[in-house]
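Q: Next come a sequence and a model predicted from it.
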Amino acid sequence: MKTVLMVMALTGLSLALPAHAGRSDDEAAIRQVASDYLASWYAGDGKKMATTLHPKLVKRTLPAAPGAAVVDTNADALVAATKAGDGKPAAGEKPQPEVNVLDVYGNAAVAKVTGTQWIEYLQLGRIQGQWKIINVMYGARQ
């Protein structure tokens, strides 16, 4: 009986390890996509930005002022704003945003990106084997 229980325990453990390793790989890939998204924004690199986004991306900016409207931005507009240098930091400013992967479930994930002045929640999907940002919720820190 002890042998049967030991075999069952070891089998269960061996089945759990690959799933955990896969999750770690996914988290690393998601973290990389989020980091590339941020780096491209700060560098004004529209080509790199485009590689992180799903073509149907929608970024929603929450209003800072009461009564103001939520602003939607699509992937093309975000790439254009990046190319225009909208995200380039001011002289001497060194942005150091933090990326946290909050959840991964199958082909879906959520990450939180925190900067000094803002917070973004990224919803990502694994599309044809690659993680892409599909939705972004942006809000200014208060």
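A: Noted; the coordinates are in hand. Bear in mind that the values here come from a model prediction, so they are computed numbers and not experimental data.
Q: Could you use CA atoms for every contact and neighbour count after this?
A: Fine.
Q: And the helix or strand harbouring Lys56, what's buried?
A: Assigned by DSSP states H and E, Lys56 belongs to strand 53-61. With burial defined by 16 or more other Cα atoms under 10 Å, the residues of strand 53-61 counted as buried are 53-54, 57-61.
Q: Sketch out the low-pLDDT regions of the chain for me.
A: Under the criterion pLDDT under 70, the flagged ranges of the chain are 1-22.
Q: swap the cut-off to 80 and go again
A: Applying pLDDT under 80 to the chain picks out residues 1-23, 92, 142.
Q: now the helices for it?
A: For the chain, the helices defined by DSSP state H cover 2-43, 46-52, 75-83.
Q: Would you format the buried residues of strand 53-61 as CSV with distance to Val33 included?
A: Shown next, in CSV, are the buried residues of strand 53-61 (distance: Cα to Cα, whole Å):
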residue, distance to Val33
Leu53, 9
His54, 11
Leu57, 14
Val58, 16
Lys59, 16
Arg60, 19
Thr61, 20
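Q: Identify the farthest-apart pair in those.
A: Spatially, the most separated pair among these is His54 and Thr61, at 17.7 Å (Cα to Cα).
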